[in-house]
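1. Return a 3D structure for these sequence lines:
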Amino acid sequence: MFGKKSTEVAPEPVTTAPPTDPARPGGKGRPTPRRRDAEAANRRPLVVDRKAQTAEQKAKVRAERARVREAMLDGEEKYLPARDKGPERRYLRDAVDTRWNVGEILLPAMILVLAISLLPFDWARGGTFLVAYALMLGGIVDCWLLWRRTRTRFTATFGHAPGRGSAWYVVLRAFQMRRSRIPRPAVDRGSELRRR
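-> Numbers count the residues shown, from 1 in each chain. Model prediction:
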């Protein structure tokens, strides 16, 4: 322990490093950037221009929202709200979109009725209100028939009855104008209704 120390140092074996293959798997495939190039790429001003930063951030958020909205309108499952997700809801949407619905023309007809009711003629007011009530009654009957037919086809296709809230889902979609439906109709009018 307190004895004489030896002055001999054991020689370390010399090992040669294997040559590195630039095309080896797992490599990054490009040379490491020089320090000054990396620092120049990461250089930011010390005092940040808040207006430019805010404008850039708003532009990014706006672009992302537009992309998500477009995906939702196209019916991409990932971006749909919970009430529209799933193959069953898609089938119900397609059942409405493959046919003409009386409810679609109800809003434009009501605007026309409102414009005609402003005329000073009693016959025009009475006639337009009669037409408006007839259209509303026709829309209700049309939706009832649509739901009965859709429910039967749905049960035959999926093997069980539609879930709770499906009737209102079909009715509300039938009363919307085709161009304003979200998600957009994915099938043409008159096309065959089938599971997608």
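2. Please report how far residue 64 lies from residue 184.
-> For residue 64, the distance to residue 184 (C-beta to C-beta, to the nearest Å) stands at 20 Å. Heads up, the C-betas are built off the backbone N, CA and C, glycines and all.
3. Tell me which of these two has more neighbours.
-> The neighbour comparison of residue 64 against residue 184 (other C-beta atoms under 10 Å) goes to residue 184, with 14 against 10.
4. hang on, isn't the more buried one packed against residue 72?
-> No - assessed by C-beta atoms under 8 Å, residue 184 is found out of contact with residue 72, at 9.5 Å.
5. Please enumerate the helices of the chain.
-> 35-42, 50-74, 87-97, 106-117, 122-158, 166-174 (DSSP state H).
6. ranking those helices by burial, who's on top?
-> Of the helices of the chain, the one with the most neighbours on average (mean count of other C-beta atoms under 10 Å) is helix 87-97, at a mean of 20.
7. Which neighbouring elements make contact with that helix?
-> When contacts are defined as 3 or more C-beta pairs under 8 Å, 6 or more residues apart in numbering; DSSP states H and E, helix 87-97 packs onto helix 122-158, helix 166-174.
8. Residue 191 versus residue 48, what's the distance?
-> Residue 48 sits 55 Å away from residue 191, going by C-beta to C-beta.
9. If you count surrounding residues, which of these two has more?
-> residue 191 (12 against 9).
10. Nearest to residue 196 among the helices of the chain would be which one?
-> Nearest to residue 196, of all these, is helix 87-97, at 6.0 Å by C-beta to C-beta.
11. Other residues contacting the closest one?
-> In this structure, residues lying in contact with helix 87-97 by C-beta atoms under 8 Å, 6 or more residues apart in numbering are 75, 83-84, 146, 149-150, 153-154, 157-158, 162-163, 166, 169-170, 173-174, 178, 181, 183, 185-187, 189, 193, 195-196.
12. From the centroid of this structure, which residue is nearest?
-> With the centre of the chain defined as its mean C-alpha position, the nearest residue by C-alpha atoms, centre = their mean is residue 72, 2.0 Å away.
13. need the contact list for that residue.
-> Contacts here follow C-beta under 8 Å, 6+ apart; on that basis residue 72 touches 79-81, 182-183.
14. Tell me the buried residues within the residues you listed.
-> Among those, the ones that count as buried by 16 or more other C-beta atoms under 10 Å are 79-80, 183.
15. which one is residue 101 nearest to, not counting chain neighbours?
-> In space, and not counting its chain neighbours, residue 101 is closest to residue 174: 4.4 Å by C-beta to C-beta, 6 or more residues apart in numbering.
16. Just want to check the distance between that neighbour and residue 72.
-> 20 Å.
17. swap in residue 121?
-> 46 Å.
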